[in-house]
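[1] Structure here, sequence nowhere to be found:
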């Protein structure tokens, strides 16, 4: 039996038994058998013009399935001017789909919905408490995306800023980026 979740771009399929008696009583761990990613007819894939979604995500179930510690994950964050965000997002998606972004489990990009002054791309990876691995993923990310920032660094933040964090809340790691002059040439 198919159903949509209100906050999702996925179509979920349940067995009749799950629907009638509830997932808990069937002994299943998930509330569905399988899901299919769907795209609404009015979906705007460009972060700079999308005003209906807070974030647009990019994920691959095969890549996600290889990472099994969802509580020990964080994100590298890249900031872009709105006139650069669409090209940067397209480039990031291309690199992710071609599996060029080592260690990146999934990504999301902010949209214009909340009136943000600039766009943000979040690249999720972990384990967050492995500084060596996370920084290696970050250096690869900078090299592949040719990212630069006004501050000359990119920051990694733990996903949860509360007691679930094995690390202190806030920024955990930071690494230097490519010289600022690259920013205008990004993604050409």
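    Thanks, I have the structure now. Everything quoted here is computed from the prediction, not taken from an experiment. Numbers count the residues shown, from 1 in each chain.
[2] Now do the buried residues in the helix or strand where residue 136 lies.
    Using DSSP states H and E, residue 136 sits in helix 131-145. Neighbour-count burial for helix 131-145, counted by 16 or more other C-beta atoms under 10 Å, picks out 134, 137-138, 140-142, 144-145. To be clear about C-beta, it is placed using only N, CA and C from the backbone, and glycine gets the same treatment.
[3] What of stretch 79-96?
    Here stretch 79-96 shows 79-80, 84-86, 88-89, 91-93, 95-96 as buried, counting by 16+ other C-beta under 10 Å.
[4] coming back round to it: can you list the buried residues of helix 131-145 in TSV and add pLDDT and distance to residue 107?
    Below are the buried residues of helix 131-145 laid out as TSV (pLDDT from 0 to 100; distance: C-beta to C-beta, whole Å):
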residue	pLDDT	distance to residue 107
134	93	15
137	96	12
138	95	14
140	96	14
141	96	10
142	95	15
144	96	12
145	95	11
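[5] ok, so of those residues, who is nearest residue 48?
    Of all these, the one with the least separation from residue 48 (C-beta to C-beta) is residue 145, at 17.2 Å.
[6] How much space separates the closest one from residue 93?
    The spacing between residue 145 and residue 93, counted by C-beta to C-beta, to the nearest Å, is 11 Å.
[7] Equivalent analysis for residue 59, please.
    For residue 59 relative to residue 93 (C-beta to C-beta), the value is 11 Å.
[8] ditto for residue 147
    From residue 147 to residue 93 the distance is 15 Å (C-beta to C-beta).
[9] can you map out the strands along the chain?
    2-4, 10-13, 34-37, 55-59, 74-80, 106-110, 119-125, 153-158, 171-176 (DSSP state E).
[10] Kindly reformat those strands as a markdown table containing mean pLDDT and distance to residue 47.
    Shown next, in a markdown table, are the strands of the chain (pLDDT from 0 to 100; distance: least, C-beta to C-beta, whole Å):
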| stretch | mean pLDDT | distance to residue 47 |
| --- | --- | --- |
| strand 2-4 | 39 | 23 |
| strand 10-13 | 49 | 20 |
| strand 34-37 | 50 | 18 |
| strand 55-59 | 90 | 6 |
| strand 74-80 | 92 | 9 |
| strand 106-110 | 94 | 5 |
| strand 119-125 | 94 | 5 |
| strand 153-158 | 86 | 18 |
| strand 171-176 | 80 | 23 |
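[11] TSV please, covering the ones you listed and showing distance to residue 46.
    Output for the strands of the chain, formatted as TSV (distance: least, C-beta to C-beta, whole Å):
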stretch	distance to residue 46
strand 2-4	24
strand 10-13	21
strand 34-37	18
strand 55-59	9
strand 74-80	13
strand 106-110	10
strand 119-125	10
strand 153-158	23
strand 171-176	29
